[in-house]
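> Okay, sequence plus prediction incoming.
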Amino acid sequence: NAGVTQTPKFQVLKTGQSMTLQCAQDMNHEYMSWYRQDPGMGLRLIHYSVGAGITDQGEVPNGYNVSRSTTEDFPLRLLSAAPSQTSVYFCASSYRGGRGEKLFFGSGTQLSVL
Amino acid sequence: KNQVEQSPQSLIILEGKNCTLQCNYTVSPFSNLRWYKQDTGRGPVSLTIMTFSENTKSNGRYTATLDADTKQSSLHITASQLSDSASYICVVSKSPGTYKYIFGTGTRLKVLA
């Protein structure tokens, strides 16, 4: 019972490099999302998706791209990494709709941009 | 301004003791309030979810309360264990079915033997 799987666990990039953070869930959840967690701040929503082919921006979308070609996968792409993108990134998923849907989080990706 | 404020920022207690964490919010409209536990190096894990019509919800030794009138919630941990050492995050959902959640900055709890 894997739940939400994120890879890699750790990543170091140089400024200007691009990379993709992977997220996969095996619970057939329609909703998937990406958050970043910075010291002294609550988790902030980057992008989210309510189903395959549907994505939307969150609170801090600049510098990130997403796509949702399947229900299971929701990769996050950093187009040109900047030091301000140094953070811990979490992918989360839930069933669509309703008042009490529970969010399931992955174990996170710690990204450092030098 | 952060719409979800948690206190204290950090807390140290002895194993076996009880503690209460606070969450005040100004989010409006309000649909539900959640408490998550986040172990170091891991993702948050759901403890409780309460709608505006519920005033208490328990999950083992964890009991959450909600006062929608004063916009306050608390998480009470009974008979603390070393494994309770973690950050506890209060999260508010703005409206039914929304996927926009407002996260607090968390309370870091350390339980000592």
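Thanks, I have the structure now.

> Can you list the neighbours in contact with the helix or strand of chain B with the lowest mean pLDDT?
Using mean pLDDT, DSSP states H and E, strand B:101-103 stands out as the lowest-scoring helix or strand of chain B, at a mean of 90. By Cβ atoms under 8 Å, 6 or more residues apart in numbering or on different chains, the residues outside strand B:101-103 that reach it are A:42-45, A:103, B:3-4, B:25, B:27, B:34, B:89-94. The way it works is simple: take the backbone N, C-alpha and C, and place the C-beta from them, glycine included.

> Same question for stretch B:58-72.
Outside stretch B:58-72, the residues that reach it (Cβ under 8 Å, 6+ apart) are B:22-26, B:30, B:33, B:35, B:47-48, B:50, B:52-57, B:73-81, B:84.

> if we go to 7 Å?
Stretch B:58-72 has contacts (Cβ atoms under 7 Å, 6 or more residues apart in numbering or on different chains) with B:24-26, B:30, B:33, B:35, B:47-48, B:50, B:52, B:54-57, B:73-79.

> repeat for stretch B:12-24
B:4-7, B:11, B:71-82, B:88, B:90, B:104, B:107, B:109-113.

> re earlier: helices or strands up against the very next helix or strand once past the least confident helix or strand of chain B?
Counting by DSSP states H and E, the next helix or strand C-terminal to strand B:101-103 is strand B:107-112. Contact partners of strand B:107-112 among helices and strands, from 3 or more Cβ pairs under 7 Å, 6 or more residues apart in numbering or on different chains; DSSP states H and E: strand B:10-14, strand B:86-93.

> And the buried ones among the contacts of stretch B:58-72, selectable in PyMOL?
Selecting only the buried entries of these in PyMOL, with 16 or more other Cβ atoms under 10 Å in any protein chain shown as the criterion:
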select buried, chain B and resi 24+25+30+33+35+47+48+50+54+57+73+74+75+77
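
> Surely B:Cys90 is in contact with B:Gln6?
Yes. Using Cβ atoms under 7 Å, B:Cys90 is in contact with B:Gln6, at 5.4 Å.

> which neighbours do those two share?
Common contact partners of B:Cys90 and B:Gln6 (Cβ under 7 Å, 6+ apart): B:Cys23, B:Gly104.

> So for these two, which sits in the more crowded spot?
The residue with more neighbours, out of B:Cys90 and B:Gln6, is B:Cys90; 27 against 23, by other Cβ atoms under 10 Å in any protein chain shown.

> Okay, and the beta partners of the more buried one?
On the basis of DSSP bridges, B:Cys90 is bridged to B:Trp35.

> now A:Ser94
Counting by DSSP bridges, A:Ser94 is bridged to A:Tyr31.

> Distance of it relative to A:Lys14?
Distance, A:Ser94 to A:Lys14, by Cβ to Cβ, to the nearest Å: 35 Å.

> Over to A:Ser80?
A:Ser80 is 11 Å from A:Lys14, by Cβ to Cβ.

> hmm, back to that, please say which of A:Ser94 and A:Lys14 ends up with more neighbours.
A:Ser94 (20 against 8).

> The more buried one: what's it in contact with?
By Cβ under 7 Å, 6+ apart, the contact set of A:Ser94 is A:His29, A:Tyr31, A:Glu101, A:Lys102, A:Leu103, A:Phe104.
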